[in-house]
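> quick one, fold the following:
(one chain, ligands or ions: 1)
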Amino acid sequence: MKRKWYDYLWIAELLYWVLGVCNILFAWLGMVFFCIPLLMAIVGGNKTYCNRFCGRGQLLGLLGSKFSRNAPPPRFLRSRWFRGGFLAFFMVMFGLMLRSTYMVFSGAPLRQSVTLLWTFKLPWQWAEVGMVAPWVAQFAFGFFGVMMTSTVLGLLTMVLFRPRSWCVYCPMGTMTQGICKLKQGKEDIQ
Ligand code: SF4
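Below you'll find the predicted structure:
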């Protein structure tokens with residue numbers, strides 16, 4: 001089957017990591033990966049982003065073809081309570097990250113570290129962030145931590161289970177699925 005341009009979006013995902021490591025401010029680009037799926041679900045009422053345009057999903061599929069055990073993921077991972085609970089937890093942590101950004105905006109000192117798995121603070125002193133306001137840099141550090149955490153979880157579940165097991169409980173996937181269901185429900189009522 002002839003490949004389309006969007007089959008190569010995994011390269012954009014890789015590029016994001018390279019750019020982000022070179023300069024943490026590129027972490028802001030990750031907002032694209034946040035906004036586009038939501039917009040597509042809200043406007044189109046479908047999961048086209050997940051099925052076609054998600055570079056992370058593609059990358060997990062590619063790496064998983066070599067490194068995955070290909071075992072079925074445990075049933076609890078698919079359960080509604082786990083996916084909903086994980087989304088809620090993720091959003092709380094995202095909110096805390098926004099709060100840190102606001103605190104720096106209000107005058108608190110910038111913290112040059114990236115938090116992995118909500119616990120481990122990786123020192124990131126080499127980052128050149130003097131050209132932007134401290135809160136802009138703080139958001140970049142926080143957001144890169146969010147992206148890195150979800151990637152590490154994605155890679156772990158890729159190795160342990162099927163390549164795209166992350167997609168089973170990915171907060172973006174859960175959110176877009178919820179939006180699509182809501183839209184379909186509304187259309188059914190109309
Ligand atoms: S569930 Fe998440 S990682 Fe998987 S394809 Fe959708 S947005 Fe990408």
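> residues touching the residue in the chain positioned nearest to the ligand, list them.
The chain approaches the ligand most closely through Gly173 (2.7 Å), counting by C-beta to the nearest ligand atom. For every residue, glycine as well, the C-beta is placed using N, CA and C. Contact analysis of Gly173 by C-beta atoms under 8 Å, 6 or more residues apart in numbering lists 47, 50, 167.
> pLDDT at the residue sitting nearest the centre point of the chain, what is it?
Nearest to the centroid of the C-alpha atoms of the chain, with distances taken as C-alpha atoms, centre = their mean, sits Met147, at 4.9 Å. Here the pLDDT value assigned to Met147 is 96.
> repeat that for the one 4 residues further on.
Model confidence at Thr151, given as pLDDT, is 96.
> over to Glu187?
So, for Glu187, pLDDT stands at 64.
> tell me the residues of the protein that contact the ligand?
Taking C-beta under 6 Å from any ligand atom as the test, the list of the chain residues beside the ligand reads 37, 50, 54, 56-57, 166-167, 170, 172-173.
> need the max-distance pair from those.
For these, the farthest-apart pair by C-beta to C-beta is Pro37 and Trp166; their separation is 14.1 Å.
> show me where pLDDT drops low in this structure?
Along the chain, the parts satisfying pLDDT under 70 run over 186-190.
> helices of that one, start to end?
Secondary structure of the chain, counting by DSSP state H: helices at 9-22, 30-44, 48, 55-67, 75-78, 80-105, 134-160, 166-169, 171-189.
> and the longest one, what's buried?
Same thing as helix 134-160. 134-151, 153-155, 157-158 (16 or more other C-beta atoms under 10 Å).
> how far does that helix sit from the chain's center?
7 Å (C-alpha atoms, centre = their mean, to the nearest Å).
> what do you get for the last one?
If you compare the mean C-alpha spot of helix 171-189 with that of the full chain, they lie 19 Å apart, counting by C-alpha atoms, centre = their mean.
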